[in-house]
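Peer 1: dropping the sequence and predicted coords here.
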Amino acid sequence: MKPFEYIVEIHGPAVFRYLSGRVGPDRAEDCFQETMLAALRGYDEVREPKAVKSWLFTIATRKSIDAYRQAGREPTPDGSVEGSPDRSGLANPGAGDIWSLVGELPGKQAMAVELRYRAGLTHREVGQVMEISESAARRNVFEGLKSLREGAGSWT
Amino acid sequence: MSKNATKKVEAALEAGNESTPKDWGRIRDDLTKQAGTKGLIDVAYEIHESPFGPLVVSATKAGLVRVALSVENEGAVLEDLAQRISGRILKTDRPQITKARVQLDQYFEGKRKKFRLKLDWQLVHGFQREVLAATKEIPYGATRSYTDMAVEAGSPKAVRAAGSALATNPLPIVVPCHRVLKSDGRVGSYLGGSSMKKELLEMERAGVSA
């Protein structure tokens, strides 16, 4: 296993970016600290070094849902969240408003796209975090990209 | 959908993903601080600059557990600690480490003859423990032979085992394995290189005669 210091170094920035997208920049920092402290607490129970990344993003996803609950916004039964979080403060140089379009995708597609492109997970890892198959993860990413492409006029 | 258009969407989604989040250094420091307050750090470490290159100085809650010389690969040292103690390792100063760093500096300046630090011996077992416990008592400026150490550890015939116990000392400098020489007086090997061993011994000899 890698020392946790290296986990923070390697995956920390992506976890932070992912959470910024999920809960908005204002709540991202608290959510990030909670995620990483929970990960540190349970780190010695992780047996498979290759599973660390999807395990970490599973915790981050859970914490982001908690953050919504605390804010009084109920997540839908599939774990996604109604409405799009505030992404106004997010810096995505050259990306225009594409991430605000991601927020308007159906919950599962938005989550799959965020895990794939903000967190940099493979389709397999996206599936592990969302508790769906790899091919279902791939389909959600694909459908998401398709909608984004159709709405491309508003951001290119 | 066409491949090109998809690529364009993907590129837009990936843009900015390589950049470090704003305030990342502070966010990371906060995390380490909170982890410390909550008692979640099993091993803390710092990189300490010394005249012999950077040392990895690490401590558990019980005390100093590992000092790694610059020839050892930092990543390998930490992965070994993760394996043998716990993966809950963060880079941060804690009192045990600060104290060790101050005393190491004083030692390298020739101003300290004895380390007064709490040691965590959990990486050392059995015969090696006996050998290193005896090694710790060798006075500044003095030397012993591998045979002496085997005798002191209670197994006069285990000279070779005493040698390997010293070669894998997890606390070099603090537990002065550099003070153990070959029976014929030759310096013998040292993880940090025999020239480092010679320099330490010369510095100590000068300090004793001064």
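Peer 2: Arrived safely.
Peer 1: how about B:V67, secondary structure?
Peer 2: Three-state call for B:V67 (DSSP: H, G, I helix; E, B strand; the rest coil): strand.
Peer 1: who touches it in this structure?
Peer 2: Contacts for B:V67 (Cβ atoms under 8 Å, 6 or more residues apart in numbering or on different chains) come out as B:L55, B:V56, B:V57, B:S58, B:A100, B:P170, B:L171, B:P172, B:I173, B:V174. For the C-beta atoms, the positions are set from N, CA and C on the backbone; glycine is no exception.
Peer 1: in chain A, which helix or strand is least confident?
Peer 2: Within chain A, no helix or strand scores below helix A:98-102, which has a mean of 86 by mean pLDDT, DSSP states H and E.
Peer 1: give the buried residues for that helix.
Peer 2: For helix A:98-102, the neighbour count (16 or more other Cβ atoms under 10 Å in any protein chain shown) marks A:I98, A:W99, A:S100, A:L101, A:V102 as buried.
Peer 1: for it, packing partners?
Peer 2: Contacts defined by 3 or more Cβ pairs under 8 Å, 6 or more residues apart in numbering or on different chains; DSSP states H and E place helix A:98-102 against helix A:134-150, helix B:3-14.
Peer 1: now look at the next helix or strand after it and say if it contacts chain B.
Peer 2: Going down the chain from helix A:98-102, the next helix or strand is helix A:107-113, by DSSP states H and E. Yes - against chain B, helix A:107-113 shows contacts by Cβ under 8 Å from any Cβ of the partner chain at A:V113.
Peer 1: then stretch A:48-58?
Peer 2: No - figure legend: stretch A:48-58 not in contact with chain B (Cβ under 8 Å from any Cβ); closest approach 9.7 Å.
Peer 1: wait, A:V23 sits on A:D66?
Peer 2: No - under the criterion of Cβ atoms under 8 Å, A:V23 is not in contact with A:D66, lying 9.5 Å apart.
Peer 1: could I get the full set of helices for the chain?
Peer 2: I'll assume chain A. Counting by DSSP state H, one finds helices in chain A at the ranges A:4-23, A:25-42, A:52-70, A:98-102, A:107-113, A:123-130, A:134-150.
Peer 1: oops, chain B please
Peer 2: Here chain B has its helices, by DSSP H, at B:3-14, B:24-37, B:74-84, B:95-108, B:126-136, B:146-152, B:159-167, B:194-209.
Peer 1: including mean pLDDT, distance to A:H11 and mean neighbour count, could those helices go into JSON lines?
Peer 2: Converted to JSON lines, these look like this (pLDDT from 0 to 100; distance: least, Cβ to Cβ, whole Å; neighbours: other Cβ atoms under 10 Å in any protein chain shown):
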{"stretch": "helix B:3-14", "mean pLDDT": "86", "distance to A:H11": "17", "mean neighbour count": "16"}
{"stretch": "helix B:24-37", "mean pLDDT": "96", "distance to A:H11": "12", "mean neighbour count": "15"}
{"stretch": "helix B:74-84", "mean pLDDT": "96", "distance to A:H11": "16", "mean neighbour count": "17"}
{"stretch": "helix B:95-108", "mean pLDDT": "97", "distance to A:H11": "25", "mean neighbour count": "17"}
{"stretch": "helix B:126-136", "mean pLDDT": "97", "distance to A:H11": "36", "mean neighbour count": "19"}
{"stretch": "helix B:146-152", "mean pLDDT": "96", "distance to A:H11": "45", "mean neighbour count": "20"}
{"stretch": "helix B:159-167", "mean pLDDT": "95", "distance to A:H11": "36", "mean neighbour count": "19"}
{"stretch": "helix B:194-209", "mean pLDDT": "92", "distance to A:H11": "37", "mean neighbour count": "15"}
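Peer 1: one step back: which of the buried residues of helix A:98-102 lies closest to chain B?
Peer 2: Taking Cβ to the nearest Cβ as the measure, chain B lies nearest A:I98 of the buried residues of helix A:98-102, at 4.7 Å.
Peer 1: all good on my end, thank you.
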